[in-house]
Each structure stands twice: as structure tokens, then as C-alpha cells.
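Student: Kindly return the folded structure for what I paste below:
(one chain, ligands or ions: 1)
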Amino acid sequence: MAIPYPRFVGSEQPAMEAARMGTPPSAQSTPPVNLTQEELKKIAAYKAVEYVKSGMIIGLGTGSTAKHAVDRIGELLRLGELRDIVGIPTSKKTHEQAVSLGIPLSDLDSHPVLHLAIDGADEVDPRLNLVKGRGGSLLREKMIEGACEKFIVIIDDSKLVKFLGGSGLAVPVEIVPFCWKNTALRLREMFRDSGCVAKLRTCGEEAEPFVTDNGNYIIDLYFEKDIGDLQAASDAILRIPCVAEHGMFLDMATTVIVAGKKGVEVIHKK
Ligand SMILES: O=C[C@H](O)[C@H](O)[C@H](O)COP(=O)(O)O
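Tutor: Reported below is the predicted structural model:
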């Protein structure tokens, strides 16, 4: 059950207060129903950072929600409320952000096991399976978040779906650029029964291929129907030689923190 914002129970209160930049609880006499999506993302992010303790090795996620968590970790380090944190960034962009905040950084080669990672997601299904990578960072995210003892996903409630692909948005697949049209065709044919459309992700006015931090392309898969057996779909995609990784994160999240208009909910994997 979601805990409504104005009447926080125990540890729900600090995240909300901090995220609302010090608004005292007494000023929140009516439910803040007009929270923006950005505020919801920030609330989920601040709540997740409560799980970060001094001395931890932390996976730093990518995207507009994870950005709030990285900012908060930087702030707590600056205030001396966290110490001896080592961050492992999941993208070049997050690396830059963390450097600008003075967060000490390292990598998976030096730290093969992380205590915790905090990251956003594009979709979360009822089993806490995820779609990630609409920002293009899925490969490094999967490497780093797959090496964590705890993986906390932070979302606003618009990301909750009945089945992956169910929001009508894409399931991304990162591929080696060589003969990408052939890979796109193979992906489309593989999911023909689910009404799959496979599109190369492009960017800019010239619609140039979007290039990931790893120098790869992304094929976005759009599904008309439920994909069905996700593990079988994952295995089949990964068997295509040019595929580096896909954006379905199956059975990886240990906790999902959802901020919605009625409150914040912390869902732990059963
Ligand atoms: O590649 C991008 C990442 O997977 C993001 O974590 C994901 O797209 C969610 O991003 P946002 O928090 O901006 O919705």
C-alpha cells in the first residue's frame, strides 16, 4: 500500500522532506496532489538514497530519475553525512555528473561486487522485471547492476505496466553496427507473432544513427501484443551474433520504489 505523502510513517518522512527542499511537515496540511513527474522522480530517488551507507560501493544509474539520486549522494558526501563512498557510473554522462559532484569513482574491474545500485527504469511489470535503455545505457547498466548485492529501481508511477512493452514504447536492443539492417530484420522476424516492428534509433536533424557509449547502435522493438515468455525472448535475442545486450532486465531488481500522486511505495522482491 502506498504511504500518502502528508502522513509519513517512520522512514518515509525524510525522503519527502528532503526532496521538497525543506518544506516543513506542518506546511503540508493537504495532500500534494499537484506534484509534477519530476518531483515524483526526485522523491523516489531521495528515498532510495536512504539505503546508501558510508563505506559502500554504489552503482550510479543513468537517466532523469537516477540523476536525482546521484545529486543527493553528492550532497550527502559534501555535508559529511556519507563518507568513503565509491561510485561506479553506468554511463559517460553519469561519470561526468559524479565527477562534477566530487563523488570518488572506480569501475567493475577494480570492484567486481557492488553493495548497491540505484537506477531508473522505463517500465516495471508486476514481477519487477524491467525495460531499461531508452536513454541508451542498457549495456553498462546491465553489467554493473548485475554485479550488485542490492538493486533499487526508482520510478514514478507512470512506469508501471501490466507486461513489458505494454506502454507502447520500445524494448531497446544494443547491437554491433556491422550490417545492422540484417540484425533488425532477424529481430523483427523473431517476434513476428507479437506484431514486432524493429527500428534503428536515430538522433539529430539528419537522423544519424544513435551511437551508444560503447560505439554500438540501438534497434528499438515495438510490440503490438504481449511478448509472452520473457526468458525465452531474452535467450533468443542474445543468440543473434551482432547483439551486445537487450533492455529487458529480468529478475534483477531487488526493490522498486514507486512515487505516485497518492504516496511512495517500497516494493521488495519476494
Ligand atoms: O538508458 C537509460 C536508462 O536505462 C534509464 O535508467 C531509463 O531509460 C529511465 O530513464 P528516466 O529515469 O529518464 O525515465
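Student: what separates Asp125 from Thr94, distance-wise?
Tutor: Distance, Asp125 to Thr94, using Cβ to Cβ, to the nearest Å: 25 Å. Yep, even glycine has a C-beta here, placed from its N, CA and C like the rest.
Student: same thing with Glu50?
Tutor: Taking Cβ to Cβ, one finds Glu50 at 20 Å from Thr94.
Student: How about Leu108?
Tutor: On the measure of Cβ to Cβ, Leu108 and Thr94 end up 14 Å apart.
Student: More neighbours: which of these two?
Tutor: Remark: of Leu108 and Thr94, Thr94 carries more neighbours, 27 against 16, as counted by other Cβ atoms under 10 Å.
Student: Please export the C-alpha coordinates of the helix or strand containing the more buried one as PDB.
Tutor: Secondary structure from DSSP states H and E places Thr94 in helix 92-101. C-alpha atoms of helix 92-101 as PDB (Å, rounded to 0.1, in the frame of the first residue of the first chain):
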ATOM      1  CA  LYS A  92      29.700   8.600 -19.600                       C
ATOM      2  CA  LYS A  93      27.000  11.100 -18.700                       C
ATOM      3  CA  THR A  94      26.700   9.900 -15.100                       C
ATOM      4  CA  HIS A  95      30.500   9.700 -14.900                       C
ATOM      5  CA  GLU A  96      30.600  13.400 -15.700                       C
ATOM      6  CA  GLN A  97      27.900  14.300 -13.300                       C
ATOM      7  CA  ALA A  98      29.600  12.300 -10.500                       C
ATOM      8  CA  VAL A  99      33.000  13.900 -11.200                       C
ATOM      9  CA  SER A 100      31.300  17.400 -11.000                       C
ATOM     10  CA  LEU A 101      29.900  16.500  -7.600                       C
END
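Student: Is the ligand within reach of it?
Tutor: No - judged by Cβ under 6 Å from any ligand atom, helix 92-101 makes no contact with the ligand; its nearest approach is 9.5 Å.
Student: What strands flank the helix or strand following that helix, and is each parallel or antiparallel?
Tutor: Reading on from helix 92-101 to the C-terminus, the next helix or strand found by DSSP H and E is strand 114-119. With DSSP bridges as the test, strand 114-119 is paired with strand 57-60 (parallel), strand 148-156 (parallel).
Student: what does this protein put close to the ligand?
Tutor: Residues of the chain lying near the ligand (Cβ under 6 Å from any ligand atom): 61-66, 119-122, 132-138, 141.
Student: again, 8 Å this time
Tutor: 41, 61-67, 90-91, 119-122, 132-138, 141, 154-155, 159, 172, 247 (Cβ under 8 Å from any ligand atom).
Student: mind listing which of these are in strands?
Tutor: Here DSSP state E is the test, and those give Asp119, Ile154, Ile155, Pro172 as lying in strands.
Student: Need the residues you listed in CSV (columns: neighbour count).
Tutor: As requested, these are exported to CSV (neighbours: other Cβ atoms under 10 Å):
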residue, neighbour count
Asp119, 30
Ile154, 30
Ile155, 24
Pro172, 27
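Student: so which two of those residues are the farthest from each other?
Tutor: Spanning the widest gap among these are Ile154 and Pro172, at 19.2 Å by Cβ to Cβ.
Student: for the longest helix that the chain contains, packing partners?
Tutor: In the chain, assigned by DSSP state H, the helix with the most residues is helix 64-78. Judged by 3 or more Cβ pairs under 8 Å, 6 or more residues apart in numbering; DSSP states H and E, the packing partners of helix 64-78 are helix 37-49, strand 57-60, helix 92-101, strand 114-119, strand 148-156.
Student: nearest to Leu200, of these?
Tutor: From these, taking Cβ to Cβ, the stretch that ends up closest is helix 92-101, at 21.2 Å.
Student: Would you mind stating the distance between Arg192 and Leu238?
Tutor: Using Cβ to Cβ, Arg192 is found at 19 Å from Leu238.
Student: Between the two, point out the one with more neighbours.
Tutor: Counting neighbours by other Cβ under 10 Å for Arg192 and for Leu238 shows that Leu238 has the greater number, 13 against 8.
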